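Colleague: Fold the following and give me the result.
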Amino acid sequence: MAAIAPLSVLGVALTASSWWEGTTMALGYLLTLGVLREWSLDGYPRRAIFALMFTAAAWTIGAVTAASPISFVPLSLVGALLIVRTKRWKQWIVAFAFGVAVIGASAFVFHPATWELAATYLLTPVLGTLFIAGVILISEQAWQVVRRLERAKETESELAVARERVRFAGDLHDIQGQSLHLIKLKAALARRMVRADPDRAGKELDEIRRLADETIEQTRALAYARRELNLVAELENAKRLSEAAGITVDAQLEDGTGTAAHPLLAHVLREATTNLLRHAHPTTVTITASPGAVEVGNDGVIDAVDSPLRGLARLRERVESVGGVLRIERPAGRFVVAARIDPIPADRAKEGAR
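Modeller: The predicted structure is shown next:
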């Protein structure tokens, strides 16, 4: 529209020889611009057929009077828009171009045949229609490519979320699978020992209870993201997931000599990554991590405010409980999650790991 509208106004102003010709041409261009504005990949606008009939009539009048040599342009635009989606669009475009020229041939009915008249009302409409159809066809193909890319991006985002769910399911299986299998074996052993060796049976039952308590605690820790994570591993995972979803990622890890990151920073990074994959539609993500802070920003818009922030709200309480700060900001066109916790000395981190 930005390219066609100014040229249309200029063409009407330069070629119209009377007010009614200018009005007719202007209406044709306005109808065409309306069709272009409502155009989509999902179907034809309702006014397209009416616009085709009106522009055909306007071109016929312009050709018969030989006073409007460019009034074929609206007809060519609307016709090309309708034709490029047909199965045999090549044959139809050629036929349509010659059809526009046939209408232009009506100029010879009331005017003497000259080479100038033939070039104006026969050759120019044919070449102009073919050129316009080519532009529309290229645009249509470009729109189709963009739509396929958008759908592929959505699919990649869904797959990234699915991978996170699979990973969570794997962690849950690792926690519960072995413990439940061991509980099953010990329960069978205790049943056999109830009469033969009551003391042994009691010890096995105590062991079953201990295993069950341990499994419940580990499951609770997994459900509330209390398992200690590694910031470096989470940064790489966040980058991999975002790139798989078609998002451009700028990730930076600042070195902190003699210090280690608090495990909660890795949890913040994981939760922020999960939120932007599930609830936003970003094109770029910036991640800055260091032993004392992590910041995740994206240019997507989070649809819901309460839902995606629930996990971060729980993390904020935990971050603040260890003297840290978690900020959630929405500057113009961006969504930023930033957390800061004093780093842990390297020797203490090693002791905690042992």
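
Colleague: ok, residue 36 - how many residues close by?
Modeller: Residue 36: 18 surrounding residues under other C-beta atoms under 10 Å. Every C-beta, even on glycine, is put in place using the N, C-alpha and C of the backbone.

Colleague: any idea of the pLDDT on it?
Modeller: The confidence metric pLDDT takes the value 74 at residue 36.

Colleague: Surely residue 328 is in a strand?
Modeller: Yes - under DSSP: H, G, I helix; E, B strand; the rest coil, residue 328 sits within a strand.

Colleague: What separation do you get for it and residue 295?
Modeller: For residue 328, the distance to residue 295 equals 11 Å [C-beta to C-beta, to the nearest Å].

Colleague: residues bridging contact with these two, i.e. touching both?
Modeller: Common contacts of residue 328 and residue 295 (C-beta atoms under 8 Å, 6 or more residues apart in numbering): 336-337.

Colleague: any idea which helix is longest in the protein?
Modeller: The residue-count maximum for a helix in the chain (DSSP state H) belongs to helix 124-196.

Colleague: So for the helix or strand following that helix, what gets flagged as buried?
Modeller: Using DSSP states H and E, the helix or strand that follows helix 124-196 in sequence is helix 198-223. In terms of neighbour count (16 or more other C-beta atoms under 10 Å), helix 198-223 has its buried residues at 201, 204-205, 208, 211, 215, 218, 222.

Colleague: same question, stretch 273-286
Modeller: For stretch 273-286, by 16+ other C-beta under 10 Å, it's 273-282, 285-286.

Colleague: Stretch 62-75 too?
Modeller: Within stretch 62-75, the residues that qualify as buried are 62-66, 68-75, counting by 16+ other C-beta under 10 Å.

Colleague: How about stretch 107-122?
Modeller: The neighbour-count check on stretch 107-122 (16+ other C-beta under 10 Å) flags 107-108, 117-118, 120-122 as buried.

Colleague: Now render these as TSV, adding distance to residue 322 and pLDDT.
Modeller: Converted to TSV, the buried residues of stretch 107-122 look like this (distance: C-beta to C-beta, whole Å; pLDDT from 0 to 100):
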residue	distance to residue 322	pLDDT
107	85	85
108	90	87
117	87	86
118	86	88
120	81	84
121	82	85
122	82	87
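
Colleague: biggest separation within the residues you listed, which pair?
Modeller: 108 and 120 (11.2 Å; C-beta to C-beta).

Colleague: mind listing what residue 54 touches?
Modeller: Neighbour list for residue 54: 27-28, 31 [criterion: C-beta under 8 Å, 6+ apart].

Colleague: which element is it on?
Modeller: Going by DSSP H and E, residue 54 is in helix 48-65.

Colleague: and the angle for that helix with helix 124-196?
Modeller: 170 degrees (axes from the mean of the first three to the mean of the last three C-alpha atoms, to 10 degrees).

Colleague: chain center to helix 48-65, what's the gap?
Modeller: 41 Å (C-alpha atoms, centre = their mean, to the nearest Å).

Colleague: Buried ones in it, by neighbour count?
Modeller: Quick answer for helix 48-65 (16+ other C-beta under 10 Å): 48, 51-52, 54-56, 58-65.

Colleague: Now the two most distant members of those.
Modeller: So, the buried residues of helix 48-65 by C-beta to C-beta: farthest apart are 48 and 65, at 26.2 Å.

Colleague: what's the domain layout of the protein?
Modeller: With domains defined by automatic domain parsing, the chain comprises 4-147, 154-223, 231-353.

Colleague: Can you list which of the contacts of residue 54 are found in strands?
Modeller: Judged by DSSP state E, strands contain none of those.

Colleague: any idea how far residue 290 is from residue 264?
Modeller: Distance from residue 290 to residue 264, counting by C-beta to C-beta: 14 Å.

Colleague: Looking at these two, which one has more neighbours?
Modeller: A direct count of neighbours by other C-beta under 10 Å for residue 290 and residue 264 places residue 264 higher, at 23 against 18.

Colleague: what's the burial count for the spatially closest residue to residue 77 that is not a sequence neighbour?
Modeller: Closest residue to residue 77 apart from its sequence neighbours, by C-beta to C-beta, 6 or more residues apart in numbering: residue 32 at 4.9 Å. Using other C-beta under 10 Å, residue 32 has 27 other residues around it.

Colleague: Identify the residues contacting residue 28.
Modeller: Residue 28 neighbours (C-beta under 8 Å, 6+ apart): 54-55, 58, 71, 74-75.

Colleague: From residue 111, how far off is it?
Modeller: 22 Å.

Colleague: same thing with residue 157?
Modeller: From residue 157 to residue 111 the distance is 62 Å (C-beta to C-beta).

Colleague: Check residue 153 too.
Modeller: 57 Å.

Colleague: same check, this time on residue 104
Modeller: Using C-beta to C-beta, one gets 12 Å for the distance from residue 104 to residue 111.

Colleague: Could you look up the SS state of residue 296?
Modeller: Judged by three-state DSSP, the three-state class of residue 296 is strand.

Colleague: What sits closest to it if chain neighbours are left out?
Modeller: Sequence neighbours aside, residue 272 is the residue nearest to residue 296 in space, at 4.0 Å (criterion: C-beta to C-beta, 6+ apart).

Colleague: what sits against the one you found?
Modeller: Residue 272 touches 238, 296, 312, 337, counting by C-beta under 8 Å, 6+ apart.

Colleague: The first one is in what secondary structure piece?
Modeller: Translated: residue 238. Assessed by DSSP H and E, residue 238 sits inside helix 231-244.

Colleague: No further questions, thank you.
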